[in-house]
Every structure is written in C-alpha cells, then in structure tokens.
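Sharing a sequence plus its predicted fold:
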Amino acid sequence: METKDYLKILKEEIHSTVIATVDGEGRPVTRVIDIMLTDEKSLYFITAKGKAFYAQLMENPYIAISGMCGGEGTMNKKVVSIRGKAENIGSEKLKEVFEQNPYMAEIYPQEESRTALEVFRVSEGTGEFFDLSVKPIFRDTFLLSGNAAGKGSGQAEYNRYGQPGGYFITDQCRGCRICYSKCPQKCIDMTAKPFVIQQEHCLHCGNCFTACPFGAVVRS
Ligand code: SF4
Ligand code: SF4
C-alpha cells in the first residue's frame, strides 16, 4: 500500500484520531480530532481560532497523530500513526471539509459561525501502519509529500529517534539462530547469512538485539 492508502484509512476507517501538541510550557497535550480530508500525500483537519489547540499549533506546528480501527479486541486492530508538521491554510478547503463531512453542519450550522474555523494541512512527516489483525503482524512505514517519495516501503529505517526506526542484522551475524529462538513473530529469514529481519512483520520488541551474543543486531 502507498501513502494515500494509509491516509484514506485514517480518514475513512478511523476518522477520529488523537493529536498531540505541546503547550506554552512544553508540556504534552492531546485531544480527539477528526481527519476531514486527505489527498495523495497530505491530510487535513480543522479547528477554531479561539481554541488552545489553535494557539499551540500556531506557536509550534509539530504534531503527532494516532488512530485505531478494527473489530473487537486488540488482535483485530489496525493503527496509523503520523509525526509531522501542521501548516495553517486558512479557509482554503473549508467548503470541501463541509461537503465531505456533512455532520459538521450540525455543529456549525450557519455560514457565519464557520468564520471561526481554519484548516490545517499536514504534508510533511512520516507515518507508521500497524496491523494486528493478520498473522504474523504487518507493519509498514510511509512518507508524506514533504519527504522524498512517499511510498510504503516496509523498510522501517528513517532514523532512531525521529521516526519508526527498527532492528537490522549486520555482517557480524554468525548464524547461531539465538535471535530466531527469541523472536515472538519468527520474522527472521535464515536462508542466508547474514540473517535478515522481515521488517514488515517485526514488532520492534528488541529481543534479537539483546539476545545476540555477537552484537550483530543494530537499532536504527
Ligand atoms: S543471534 Fe546474532 S549471530 Fe546469532 S543468528 Fe541472530 S543475528 Fe546472527
Ligand atoms: S525486534 Fe522482536 S519481532 Fe523484531 S525481529 Fe527482533 S525479536 Fe523479532
């Protein structure tokens, strides 16, 4: 799947997400926000100019978004998470927001009341998709348009702190299979040395990293 497919899940299947910002004192704040629109490589949400959320976005545009959908029970869930930068685009696309989300007209019935609303676009950032409803679990990473290609890669290796990261086996691997014995998803391909972690199924639990006696597993 590509970026647009994960963004579509976020808007159409999840829709109500949790978005985190930081307040003026650098403390984290979350609230539930609906994803109103998406396109090939961006998502859009709205907020009112009088809200603390608006002030926080204008002060510091970096946000984190998470949402979950699926059937009952944790093992039926799909999760999309994004870290990126929100850009205020004013009333651009506000009409489209109301067209695609008719329930918004119940909250802001008169045109005049909608002047409080402004649209934010997130078009820079990285995302992660996690599907627990399949076995082994499925993980993918994707890029929004401000970053490179924006295509699902299955190779979680952007960087260690900013984004998904992951575990990788280096040439130091001696094929002892200890990592495989500790791996809860059995997602280590042992057909050739060095062994290879199947990133799309990895839980990022770190067992292979701590168990390898030869320091052959690295964390990005
Ligand atoms: S435990 Fe380390 S050396 Fe042994 S197979 Fe795994 S990565 Fe290779
Ligand atoms: S991080 Fe965990 S799930 Fe991923 S390969 Fe290592 S042991 Fe397996």
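Okay, I see it. Residues are numbered from 1 along each chain as shown. Ligands and ions are numbered 1, 2, ... in the order given.

Now do the buried residues in stretch 64-74.
Ile65, Ser66, Gly67, Met68, Cys69, Gly70 (16 or more other CB atoms under 10 Å). Using the backbone N, CA and C atoms, a C-beta is placed for each residue, glycine as well.

ok, so of the residues you listed, who is nearest Pro213?
Ser66 (36.0 Å; CB to CB).

Which residue ranges make up the domains of the chain?
3-143, 167-219 (automatic domain parsing).

Same list, these, but as JSON lines with mean pLDDT please.
Rendered in JSON lines, the data for the domains of the chain read as follows (pLDDT from 0 to 100):
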{"stretch": "domain 3-143", "mean pLDDT": "95"}
{"stretch": "domain 167-219", "mean pLDDT": "96"}
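
Which residues of the protein lie near ligand 1?
Within the chain, the residues that sit near ligand 1 (CB under 6 Å from any ligand atom) are 169, 173-179, 195, 211-212, 214, 216-217.

residue boundaries of the strands in this protein?
Per DSSP state E, the chain has strands spanning 16-22, 28-34, 37-38, 43-48, 62-70, 77-88, 117-131, 138-143, 167-169, 188-189, 196-197, 217-219. These are given in chain order.

related to what we said a few turns ago, any chance of the domains of the chain in JSON lines, plus distance to ligand 2?
Formatted as JSON lines, the domains of the chain follow (distance: least, CB to the nearest ligand atom, whole Å):
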{"stretch": "domain 3-143", "distance to ligand 2": "9"}
{"stretch": "domain 167-219", "distance to ligand 2": "3"}
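
re earlier: could you dump the strands of the chain to JSON lines with distance to Tyr6?
Output for those, formatted as JSON lines (distance: least, CB to CB, whole Å):
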{"stretch": "strand 16-22", "distance to Tyr6": "12"}
{"stretch": "strand 28-34", "distance to Tyr6": "17"}
{"stretch": "strand 37-38", "distance to Tyr6": "9"}
{"stretch": "strand 43-48", "distance to Tyr6": "10"}
{"stretch": "strand 62-70", "distance to Tyr6": "11"}
{"stretch": "strand 77-88", "distance to Tyr6": "6"}
{"stretch": "strand 117-131", "distance to Tyr6": "5"}
{"stretch": "strand 138-143", "distance to Tyr6": "5"}
{"stretch": "strand 167-169", "distance to Tyr6": "22"}
{"stretch": "strand 188-189", "distance to Tyr6": "25"}
{"stretch": "strand 196-197", "distance to Tyr6": "22"}
{"stretch": "strand 217-219", "distance to Tyr6": "24"}
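
Is there a neighbour count for Glu87? I'd like the number.
The criterion is other CB atoms under 10 Å. On that basis, Glu87 has 16 neighbouring residues.

Oops, could you answer that again for Gln56 instead?
Neighbours of Gln56 (other CB under 10 Å): 20.

Excluding chain neighbours, what is closest to it?
Thr21 (4.2 Å; CB to CB, 6 or more residues apart in numbering).

The one you found contacts Met58, doesn't it?
No - between Thr21 and Met58 there is no contact under CB atoms under 8 Å: 10.3 Å.

out of the two, which sits in the more crowded spot?
Thr21 (22 against 13).

who touches that one in this structure?
Pro28, Val29, Phe53, Gln56, Leu57, Asn60, Tyr62, Ile63 (CB atoms under 8 Å, 6 or more residues apart in numbering).
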